[in-house]
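*Asks:* sharing a model that was predicted from the sequence below.
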Amino acid sequence: MSFQASRATLRVLPCVVLCGLLTACATLPGVDQAASADAALPGAGPTAGAAKGTAPGTASGNSSGTATPSASAASSATGVSPPAQGAKAVSAAPQWQRNPLPLAQEGPAKPPFAWRTLPDLIGAEKAQLMNTFITPEVNTFEASNVQLLQRLKSKWEAAAQGRFTVLHFGDSHVQGGFGAQISRHKWQSMMGSAGRGMVFPYAIAKTYSQNDYRSTFEGEWVTANSIQVNPKMPLGVSGFVARTASAQAAFTLQFNQQFEPGAKVLKFLYRTSSANYRLRLQSGDVLWESELQSDAGAMGGTQRVEIDVPQLSDTLRFDLVNTEPQADDAFELYGVSIENKTPGVLYHNLGVGGAAFAALRSQAYFESQSKVLAPDLVILDWGTNDLIYKNKVPEQLEATIVETIRKVRAEHPDALILLTSVQDTYFRKQAITATWEFAQLIRRLAKENDCLLYDWYRVAGGADAMRTWYAYGLAQPDHVHLSATGYAIKGDLLAQAMLNALNWQKSNPDKSSLWTDAQQGELPRSVSAWLKALKPFQSRPDLIRVSASAKGKGTATAAKAALRKPSKAAQSKAKSSAKAANSKTTKAKPSSNKTAKPVKPQ
């Protein structure tokens, strides 16, 4: 009853008793070895190419969160909703059912769902002091036309009875999820949760996962993503695609806590030319299976199937079987949106590490798939990778940004678009001064194209702020990426910035705009000013300054060497130099006790 996949040896799952519930052709395999897990370095960019993976036939899971439903409840839980324009669903209406052999629990049970907040990470007192110090006048969404804030207010308030959906595009600053999770949970704790949002098995793409789950996979896959100027395969709204021709393939998503209680709908985005694929979802003791519709005769676009389940455990396993493999058969995966059946905020993290502003332009299926997600707010949060390598704003960047705005607006004319500036940064220990030029450019384009603006360059502290962020443990040694705590602070401030803008609009009904001038230097109420004034975290040596004085070496290696304990020969030489210096100072006049001048922004 087993199938043979290309270049992979598979065995039948031990739980073959499931065949009594499923068709014989749907018997799915386990395999012999553990799959590769997601890479752990948030600073690394995703790599496209072929991936081979195997994982245990029974994935870990926790079935304790699902109660046995009544017959009427079971009969109403269908697996398909009517297709949206440009994205087709399966024609059948499969039902979920109870799995007699639930996914086995491996290791300790995952904790129950809880909001992840900044006070939980840095302490309530520090979080309160930060939000008090960094004033709403500094940390806010800006709008050159107050009508943008009025529209934002209407959409935000509608979340109480409907949805406020956010698409947050970006690069590695977004993909890692530390900031997006804090923003998501802050808004959801106020207006209700409409779900987790888009997820993707990043292990297939050989890149790091978002921070709240990890993935494994089986079968042979090839991938592409929007870091590529010309992707090898058409991309969807997640910025990733994974294709397999294996007769049997699978992937597993393992979350680090339980989902919120309640019914869920999973929007599974895919594309295939074959009508012989079957999809099975297992989560705890919930089992769902269906044939998948092919795109035969379709005029472009992709497909989706919507899976209704009464509850999810912390582990989701998706099995894919081609019951009658043909030479040209292939299956493409674009992502899964996990949504609640309740009103509130739905926040999709669509970051791709290494991506630049041209990323959205390469998404062939942006229109059809983003229509399924129906955004209210679209955040365009790129820029670092456009500037960092040559330390200048590319000549074509303005045209690329305008084209991206128009592409979003053409498909979602009622959605608000938020442009962001990027934080002051360094590359190979050299200041990227183009971040200031970009901040001025993005401010002008936001005004000219009726977009909201979040000037993160200004809020973070302006020129040379990254050195302060690193000094207090909020940035990584590369002075490009933030630490987990740094991203959490950024995420909290972004969420608070929207609330500050809405409060301003309410208090100033007669004002025509909420707009300020660009600021290169450090504002007295910015994040870097808060760090210097209150010193909320333990400080560490300035890595940039040390490397610059390392006799011209100017590298991270030289900086680390300077921080290491000196050799005995160096200590002996230092003592001799100190004695000579002391003998000279006894003859010289006493020096005044002046403090060192602060390092000027570069």
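*Replies:* Thanks, I have it. Numbering: from 1, shown residues only.
*Asks:* which of the residues in the host helix or strand of Leu441 are classified as buried?
*Replies:* Leu441 belongs to helix 434-448 when assigned by DSSP states H and E. The neighbour-count check on helix 434-448 (16 or more other C-beta atoms under 10 Å) flags Ala434, Thr435, Trp436, Phe438, Ala439, Gln440, Leu441, Ile442, Arg443, Leu445, Ala446, Lys447 as buried. Every C-beta, even on glycine, is put in place using the N, C-alpha and C of the backbone.
*Asks:* what packs against that helix?
*Replies:* If you count contacts as 3 or more C-beta pairs under 8 Å, 6 or more residues apart in numbering; DSSP states H and E, helix 434-448 packs onto helix 384-387, helix 397-411, strand 416-420, strand 452-454, helix 456-460.
*Asks:* what does it contact?
*Replies:* Around helix 434-448, the neighbours that count as contacts under C-beta atoms under 8 Å, 6 or more residues apart in numbering are 142, 144, 383, 386-387, 391-393, 397-398, 401-402, 405, 419-425, 451-453, 455, 457-458, 462-463, 515, 518, 520.
*Asks:* kindly recompute the last result at 7 Å.
*Replies:* Contact with helix 434-448 is made by 144, 383, 387, 391-393, 398, 401-402, 419, 421-425, 452-453, 455, 457-458, 463, 518, 520, as judged by C-beta atoms under 7 Å, 6 or more residues apart in numbering.
*Asks:* let me have the helices and strands packed on helix 434-448 in TSV, extended by distance to Leu167, mean pLDDT and mean neighbour count.
*Replies:* Compiled in TSV, the helices and strands packed on helix 434-448 are given as follows (distance: least, C-beta to C-beta, whole Å; pLDDT from 0 to 100; neighbours: other C-beta atoms under 10 Å):
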stretch	distance to Leu167	mean pLDDT	mean neighbour count
helix 384-387	19	98	22
helix 397-411	9	98	17
strand 416-420	10	98	24
strand 452-454	14	98	26
helix 456-460	18	98	26
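*Asks:* mind checking which of these is nearest Leu320?
*Replies:* helix 397-411 (29.1 Å; C-beta to C-beta).
*Asks:* which residues are in contact with the closest one?
*Replies:* 357-358, 360-361, 366-367, 370-371, 378, 380, 386, 415, 417, 441, 445, 449, 451.
*Asks:* go again using 6 Å as the cut-off
*Replies:* Contacts to helix 397-411, defined as C-beta atoms under 6 Å, 6 or more residues apart in numbering, come from residues Phe357, Ala358, Leu360, Glu367, Val378, Asp386, Ile417, Leu445, Asn449.
*Asks:* distance between that helix and the chain's centre?
*Replies:* Once both centres are worked out by C-alpha atoms, centre = their mean, to the nearest Å, helix 397-411 turns out to sit 21 Å from its chain's centre.
*Asks:* only C-alpha atoms, please: export that helix in PDB.
*Replies:* What follows is helix 397-411, C-alpha atoms only, in PDB (Å, rounded to 0.1, in the frame of the first residue of the first chain):
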ATOM      1  CA  LEU A 397      14.300  53.300  -6.300                       C
ATOM      2  CA  GLU A 398      11.800  56.200  -6.400                       C
ATOM      3  CA  ALA A 399      10.100  54.700  -9.500                       C
ATOM      4  CA  THR A 400      10.100  51.300  -7.900                       C
ATOM      5  CA  ILE A 401       8.400  52.600  -4.800                       C
ATOM      6  CA  VAL A 402       5.700  54.500  -6.700                       C
ATOM      7  CA  GLU A 403       5.100  51.400  -8.900                       C
ATOM      8  CA  THR A 404       4.700  49.300  -5.800                       C
ATOM      9  CA  ILE A 405       2.200  51.700  -4.300                       C
ATOM     10  CA  ARG A 406       0.200  51.700  -7.500                       C
ATOM     11  CA  LYS A 407       0.200  47.900  -7.700                       C
ATOM     12  CA  VAL A 408      -1.300  47.700  -4.200                       C
ATOM     13  CA  ARG A 409      -3.800  50.500  -4.800                       C
ATOM     14  CA  ALA A 410      -5.000  49.000  -8.100                       C
ATOM     15  CA  GLU A 411      -6.000  45.800  -6.300                       C
END
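*Asks:* what segments of the stretch 151-300 of the chain are helices?
*Replies:* 172-175, 178-191 (DSSP state H, counting those that start in this stretch).
*Asks:* most tightly packed of those helices?
*Replies:* Per-stretch averages of neighbours, counted by mean count of other C-beta atoms under 10 Å, single out helix 172-175 among the helices of the stretch 151-300 of the chain, with a mean of 26.
*Asks:* what's that helix packed up against?
*Replies:* Using 3 or more C-beta pairs under 6 Å, 6 or more residues apart in numbering; DSSP states H and E as the contact test, no helix or strand touches helix 172-175.
*Asks:* switch to 8 Å and redo it
*Replies:* Against helix 172-175 (3+ C-beta pairs under 8 Å, 6+ apart) you get strand 344-351.
*Asks:* mind listing residues that contact the strand it packs on?
*Replies:* 159, 163-177, 180-181, 183-184, 187-188, 191-195, 197-198, 210, 237-239, 337, 339, 373, 375, 381.
*Asks:* what's the angle from that strand to helix 178-191?
*Replies:* For strand 344-351 against helix 178-191, the angle by axes from the mean of the first three to the mean of the last three C-alpha atoms, to 10 degrees is 170 degrees.
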